[in-house]
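**Student:** Here's my sequence, what's the structure:
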Amino acid sequence: MDGPHSNAASQHAYLTAYHITQGPVRMAAMDARDAVNRFPHEWSFAPWSREYERPSDMSEDVARVPIPETWANLPPDDKRSIVKRLGAADGLTDVQVDETLRAEVIRRNALSDQIEAARQ
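**Tutor:** You can find the predicted model right below:
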């Protein structure tokens, strides 16, 4: 189909997904959603931060580790427990723990926004 709407339609048929080691990959939207859903340790709709670039160290699916909306008000030991389940290294300072949680919340929010945009 030619015309002014054909380019817009084809732009929405593709998404950028981020592989944990290969980085951003532009692919068909259906393939991107499938990769992120089937292989969450490898693919994301948001860039991977350095803390997660150790897939063999992850004991849990990072996306399934709950982070309460009020995480900033949690006691330091509770925050450390969440960060450990996310796969971060031991020995982080309180500031690094907060930064790790903040980065994961931002990553999840970006992912949710991209998923919502892909559905439209």
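**Student:** So what touches the helix or strand harbouring V83?
**Tutor:** Element membership of V83, judged by DSSP states H and E, is helix 76-85. For helix 76-85, contacts defined as CB atoms under 8 Å, 6 or more residues apart in numbering pick out 59-60, 65-67, 71, 74, 90, 92, 94, 97-98, 100-101. Bear in mind the C-beta positions are built from the backbone N, C-alpha and C, glycine included.
**Student:** same thing but at 7 Å, please
**Tutor:** Helix 76-85 is contacted by residues 60, 65, 67, 71, 92, 94, 97-98, 100-101 when judged by CB atoms under 7 Å, 6 or more residues apart in numbering.
**Student:** Any stretches of the protein with poor pLDDT?
**Tutor:** Across the chain, the ranges flagged by pLDDT under 70 are 1-12, 49-63, 119-120.
**Student:** hmm, back to that, who wins for neighbours among the contacts of helix 76-85?
**Tutor:** T100 (22 neighbours; other CB atoms under 10 Å).
**Student:** That residue contacts A89, correct?
**Tutor:** No. Using CB atoms under 7 Å, T100 is not in contact with A89; the gap is 9.7 Å.
**Student:** before we move on, back to that, in JSON lines: the contacts of helix 76-85, plus secondary structure and distance to A29.
**Tutor:** Formatted as JSON lines, the contacts of helix 76-85 follow (DSSP: H, G, I helix; E, B strand; the rest coil; distance: CB to CB, whole Å):
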{"residue": "E60", "secondary structure": "coil", "distance to A29": "28"}
{"residue": "V65", "secondary structure": "coil", "distance to A29": "27"}
{"residue": "I67", "secondary structure": "coil", "distance to A29": "27"}
{"residue": "W71", "secondary structure": "helix", "distance to A29": "31"}
{"residue": "L92", "secondary structure": "coil", "distance to A29": "36"}
{"residue": "D94", "secondary structure": "helix", "distance to A29": "40"}
{"residue": "V97", "secondary structure": "helix", "distance to A29": "36"}
{"residue": "D98", "secondary structure": "helix", "distance to A29": "35"}
{"residue": "T100", "secondary structure": "helix", "distance to A29": "30"}
{"residue": "L101", "secondary structure": "helix", "distance to A29": "30"}
